[in-house]
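Q: Have a look; sequence and predicted model below, questions after that.
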Amino acid sequence: MSTILEVRDLSKNFGGLHAVKNVSFSLKKGEIVGLIGPNGAGKTTLVNLITGVLKATSGNVIFNGQDVTAQRPFQAARSGLARTFQIVQPFPQMTVLENVTAGALFAAGASHRRQAEQQAMEHLEFVGLAPQALRPATSLTLPSRKRLELAKSLAMNPKVLLLDEVNAGLNTSEIEQALTLMRAIAARGITIMLIEHLMKVVLSLSERILVLHHGELISQGDPQTVITDPRVVEAYLGSKFAARQQGVAPTAGVAHV
Amino acid sequence: MKTNSSTLPSTTMTRAKIFPHLIFAVWVAWLTVMPLMADNYYIRLATFVCMYGSLALSWNFIGGYAGYPSFSTAAFMGLGSYAGAILQKAGMPMILAWVCATIFVSLFAALVGAAILRMKGHYFAIGSISMVEVLRLIASLWSDLTGGGDGLNVPIFQGGPDYAARVFFYSMLVVMLLAWLTTLFVDRSKLGFGLRCINQNEDAADMVGVSVNRYKTIAYTLSAVYCGSVGAIYASWVSYIAPTDSFGILLTLKVPVMTMLGGVGTVYGPLIGSALFVLMEETIWAQFLDYHQAILGVVIVLLIFFLPGGLLKLDYKKLFKRKTTSHTQARRA
């Protein structure tokens, strides 16, 4: 598999604070990678750097073979680098359909409004929001808003999708649905980077996991290796979680967690 | 996708969508034939209706669609007046002077816009209003070019007052129609959609691929184009311009209020609001000259409290229902 996104020695300082420090990793085409770490580890900052919301202090972002470190968010969106927001960001006075149409029209380069609406409708069907298409975006419940956010970023026809805590605030059954949805997205060949606190979600989806702590990448690799890494256990997971993982599923692997 | 064709909010012309256009067509037709029978007073009034209609439609691009509270209207109109007047004085034919003034103001707006649109909200509002003041000072101080505080005389239009009144009225009408056509185009285009996205959530708009700075600059420039034309026509019409009249703060406040009265971000809101405003001003407030500005203040406050969406966004069905139900309730009691 070829590399689609590569981050090289990326750093961001806010004054004296090193929010992201010399982070390097790469995503391969079609991969699902989890990004975990404690609150304030710099996960969202990293996403903001990759999508051009923030300017990197040093380092490079290579996307699809091109250096895109200096690009603006709208350029990132057009090149196929889409993201969702931790705090959902709909266009409040628009309908659900119009929200998704915006993604298809401006990022995916639909030639006209009607075509964009058709594409948007397909994405709404995909995430299960088609019945609410004509309702105002603000009338949706939180889980539906998260789906809207997903549909919007899918409509942007992304090559890489950065999902910033799309599952935060959802209950167990809603998470199950979200998992199914994310697997379906991955099956389309879209590379996904998953920023997540729910280890259940991370472990059941990710092929690889990156761990960020105090802005530094302290561990990366396949899930089993990462969750047993003593530095990760100390910084984020805690010894109880590690013991449980070891005790419950030492041989069954992580797929059933 | 089976539901596509049925659930898509089609852009087909329904009766409800044609209706406003019909009313507008009748209104324009009436305005067109009106000078054949009316006297110069009414023609003058109609010229103001078209003039403010153009200004309100212009403001709507940046203030309504993009949601940026611009107070640059007077700056653009004043600049148009001076550009047109200076060119005409230099011997340029009137209509050519109008066109050149329009182009000049548009270029000016595009350049200034690229800088001042980096500000948002209150900051942008103050930045845009300060432009009016700066231009007024330049016009007062650069006496060699602008005549300074003495103002500038524009060559008087030949052919008598009756003929002149009609020429300037039809010119303003044409500008208003052009502004309306541009609005119609923007409203249905990708540009209009992108501006609405910016209006509602600028960061999210950026994230879905809207080239935010470019779109805002286009909207700001569009808000200047017809102000420039109106200014140049106005200068030829009144044949005398001075810094304080041309760069009036009151004008820069009135135009957004007119648009808000009708309904911001709609095609017909600015037209309805400006026409109503001009007619009310002429029939009611003109009787109370001392309180004129106080009344304007009251109108603004009432608008903000009771009509935040403007007349066009009122739910008349609901309003009507509430009234009828209260009637029936009253009857029951």
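A: Arrived safely. Given the structure is predicted, the values throughout are model-derived calculations rather than measurements.
Q: Please count neighbours and contacts with C-alpha atoms only from this point.
A: Will do.
Q: Could you verify that A:Leu5 is part of a helix?
A: No: counting by DSSP: H, G, I helix; E, B strand; the rest coil, A:Leu5 is not found in a helix; it is strand.
Q: so what's it bridging to?
A: According to DSSP bridges, the residues that bridge with A:Leu5 are A:Leu27, A:Phe63.
Q: Next one: it, what pLDDT does it get?
A: We have a pLDDT of 90 for A:Leu5.
Q: Now do the same contact list for it.
A: Contacts were defined as CA atoms under 8 Å, 6 or more residues apart in numbering or on different chains; by that measure A:Leu5 touches A:26-28, A:61-64, A:160.
Q: Taking the residues you listed, tell me the two that lie furthest apart.
A: Taking CA to CA as the measure, those span a maximum distance of 14.0 Å, between A:Lys28 and A:Val61.
Q: More neighbours: which of those two?
A: Neighbours per residue, other CA atoms under 10 Å in any protein chain shown: of A:Lys28 and A:Val61, the larger number sits with A:Val61, 26 against 16.
Q: Quick check: residues of the stretch 51-200 of chain A near chain B?
A: Within the stretch 51-200 of chain A, the positions lying close to chain B (CA under 8 Å from any CA of the partner chain) are A:73-78, A:82-83, A:89-93, A:102-103, A:105-107, A:112-113, A:117-118, A:121-122, A:133-134, A:152-153, A:156.
Q: again, only using 7 Å
A: Residues of the stretch 51-200 of chain A lying close to chain B (CA under 7 Å from any CA of the partner chain) are A:73-75, A:77-78, A:89, A:91-92, A:102-103, A:106-107, A:113, A:118, A:121-122, A:156.
Q: So which of the contacts of A:Leu5 wins on neighbours?
A: Going by other CA under 10 Å, A:Val160 tops the contacts of A:Leu5 with 28 neighbours.
Q: Run through the residues that contact that residue.
A: Listed by CA atoms under 7 Å, 6 or more residues apart in numbering or on different chains, the contact set of A:Val160 reads A:80-82, A:190-192.
Q: number of nearby residues for A:Ser139?
A: Neighbour count of A:Ser139, defined by other CA under 10 Å: 13.
Q: So A:Ala168: helix, strand or coil?
A: Three-state assignment for A:Ala168 (three-state DSSP): coil.
Q: residue ranges of the strands in the chain, please?
A: The chain I'm using is chain A. Here chain A has its strands, by DSSP state E, at A:3-14, A:17-28, A:32-36, A:58-63, A:66-67, A:81-84, A:160-164, A:191-195, A:208-213, A:216-221.
Q: Actually, chain B is the one I wanted.
A: With DSSP E, the ranges of strands along chain B come out as B:152-153, B:240-241.
Q: what's the first one in contact with?
A: Strand B:152-153 is contacted by residues B:146, B:239-242 when judged by CA under 7 Å, 6+ apart.
Q: Repeat the analysis, applying 10 Å as the threshold.
A: Applying CA atoms under 10 Å, 6 or more residues apart in numbering or on different chains, the contact partners of strand B:152-153 are B:81-82, B:85-86, B:88-89, B:143, B:145-147, B:235-236, B:238-243.
Q: Next, format the contacts of A:Leu5 as TSV and append pLDDT.
A: Putting the contacts of A:Leu5 into TSV (pLDDT from 0 to 100) gives the following:
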residue	pLDDT
A:Ser26	90
A:Leu27	91
A:Lys28	90
A:Val61	92
A:Ile62	90
A:Phe63	90
A:Asn64	87
A:Val160	92
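Q: before we move on, back to that, buried only: go through the contacts of strand B:152-153 for me.
A: Among the contacts of strand B:152-153, those that count as buried by neighbour count (16 or more other CA atoms under 10 Å in any protein chain shown) are B:81-82, B:85-86, B:88-89, B:146-147, B:235-236, B:240-243.
Q: From those residues, pick the one nearest chain A.
A: B:Ser81 (38.0 Å; CA to the nearest CA).
Q: That closest one and B:Val230 touch, don't they?
A: Yes: B:Ser81 lies in contact with B:Val230 (CA atoms under 10 Å); the separation is 7.9 Å.
Q: rewinding a little: closest one of the contacts of A:Val160 to chain B?
A: A:Ala82 (7.7 Å).
Q: so what's the closest one bridging to?
A: Here A:Ala82, judged by DSSP bridges, has bridge partners A:Leu161.
Q: wait, B:Leu79 sits on B:Phe247?
A: Yes: with contacts counted by CA under 10 Å, B:Leu79 reaches B:Phe247, the gap being 8.1 Å.
Q: Between the two, which contacts overlap?
A: Contacts common to B:Leu79 and B:Phe247, judged by CA under 10 Å, 6+ apart, are B:73, B:132, B:135-136, B:139.
Q: Narrow the residues you listed to those in helices?
A: Judged by DSSP state H, helices contain the following of the shared contacts of B:Leu79 and B:Phe247: B:73, B:132, B:135-136, B:139.
Q: Could you export those residues as TSV, including neighbour count?
A: What follows is these, written out as TSV (neighbours: other CA atoms under 10 Å in any protein chain shown):
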residue	neighbour count
B:Thr73	31
B:Val132	25
B:Leu135	19
B:Arg136	24
B:Ala139	25
